[in-house]
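# With the input below, show me the fold.
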Amino acid sequence: MKPESSSVLVPSDQRNPVYQISTLQALVMGNFYGCLEVQDLLTHGNTGLGTFDAVDGELVVIDGHCYRIVKGGKAIEARPHDTTPFASVAFLDEETNDSLRFDALTSIDALRHALDEYLENRGPNNMYVMRVDGYFHFVAARTELRQQEPFKPFAEVLQTDEDRFRFNSIHGTLVCFYFPKYLDGVNTPGWHFHFIDDARKVGGHVFDLHLVSGRAIINKTDRFVLDLPHNRAFQEAALDQASKDEIRQIEQGAGD
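Below you'll find the model as predicted:
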């Protein structure tokens, strides 16, 4: 039987990958040691999310710039030599990717449902990076406060040092990644959302929203590049023992 033309694999140098530093299991277990500089992270993508050394704020990459979200949701552009222990980035541009329009999505679950419907036709076993530019009735978000050694597991950080806030009537952008279920633990399975406003003044990890209207650009990719930390904490960690519940808690937060 002649194979379908879509089954032919395009050479890797022609395929835009998702790049990731470290694994979510390592972050869950308290490996908060920055191991990649922001200036190097940005060579792998113009759109992304993650955190900083000592989980000192949520990380948002948009339009090739990297921002740190600190207490109260304030966004500060990261310095080139700031480091990250965990982040995912990819290149996203309007010319070569799909676009969608959304109206009146009143919760983050409604947005996930709309995106899952999109995946039914595109394939749930690939990775996707997306940005949604729009107007929001509200965005409920969080960040984390800087930790001190010895680092505790991330679930405990969320119990003691999670800072939540809400932005009302705001124009901004969601940075979104989708990882399939078989990569559970390497990253969060399903959709993961960070936010930054148009003025690049506020943002955070999103746990609820009401999108009035917006336009999405989506890149589907079948290529994943993973770099591993060289620090002792990573080499000695029993990563297979990372709790599934704690992995999901990173997405949902302590208050959900």
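# Isn't N168 up against A140?
No: when contacts are counted by C-beta atoms under 8 Å, N168 is not listed as touching A140 (10.0 Å). Any C-beta I mention is one placed from the backbone N, CA and C, and that applies to glycine too.
# Tell me which of those two has more neighbours.
Taking neighbours as other C-beta atoms under 10 Å, N168 and A140 compare with A140 leading, 19 against 10.
# So D109, which state does it fall into?
Three-state call for D109 (DSSP: H, G, I helix; E, B strand; the rest coil): helix.
# if I pick it, what's in contact with it?
D109 makes no contacts at all, as judged by C-beta atoms under 8 Å, 6 or more residues apart in numbering.
# And it, how close does it get to N16?
29 Å (C-beta to C-beta, to the nearest Å).
# pLDDT score assigned to the residue most central in space within the chain?
Per C-alpha atoms, centre = their mean, the C-alpha nearest to the average position across the chain is that of L49, at 3.7 Å. At L49, the model reports a pLDDT of 98.
# Is it correct that it falls within a helix?
No: residue state for L49 (three-state DSSP) corresponds to strand; a helix is not indicated.
# wait, what's in contact with it?
E58, L59, V60, V61, A87, S88, V175, F177, H192, H194, H205.
# residues contacting the nearest residue to the first one once chain neighbours are set aside?
Using C-beta to C-beta, 6 or more residues apart in numbering and skipping the chain neighbours, the partner closest in space to E58 is I69 (4.2 Å). Taking C-beta under 8 Å, 6+ apart, we find I69 in contact with 57-60, 75, 141, 143, 194, 196, 202-205.
# Tell me how many other residues surround I170.
Using other C-beta under 10 Å, I170 has 18 neighbouring residues.
# same thing with the one 5 residues further on?
A count of neighbours around V175, defined by other C-beta under 10 Å, yields 25.
# Using the three-state scheme, assign it.
Here V175 is recorded as strand under three-state DSSP.
# Could you check what's spatially nearest to it, not counting adjacent residues?
Leaving aside its sequence neighbours, V175 sits nearest to H194 (C-beta to C-beta, 6+ apart; 4.8 Å).
# And the strands in the stretch 51-200 of the chain, which stretches?
Ranges of strands in the stretch 51-200 of the chain, per DSSP state E, counting those that start in this stretch, are 58-62, 65-69, 75-77, 83-84, 86-90, 98-105, 127-144, 162-179, 190-197.
# With mean pLDDT and distance to I250 as extra columns, can I get these in JSON lines?
Below are the strands of the stretch 51-200 of the chain laid out as JSON lines (pLDDT from 0 to 100; distance: least, C-beta to C-beta, whole Å):
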{"stretch": "strand 58-62", "mean pLDDT": "98", "distance to I250": "11"}
{"stretch": "strand 65-69", "mean pLDDT": "98", "distance to I250": "15"}
{"stretch": "strand 75-77", "mean pLDDT": "98", "distance to I250": "20"}
{"stretch": "strand 83-84", "mean pLDDT": "98", "distance to I250": "15"}
{"stretch": "strand 86-90", "mean pLDDT": "98", "distance to I250": "10"}
{"stretch": "strand 98-105", "mean pLDDT": "92", "distance to I250": "23"}
{"stretch": "strand 127-144", "mean pLDDT": "97", "distance to I250": "10"}
{"stretch": "strand 162-179", "mean pLDDT": "98", "distance to I250": "11"}
{"stretch": "strand 190-197", "mean pLDDT": "97", "distance to I250": "9"}
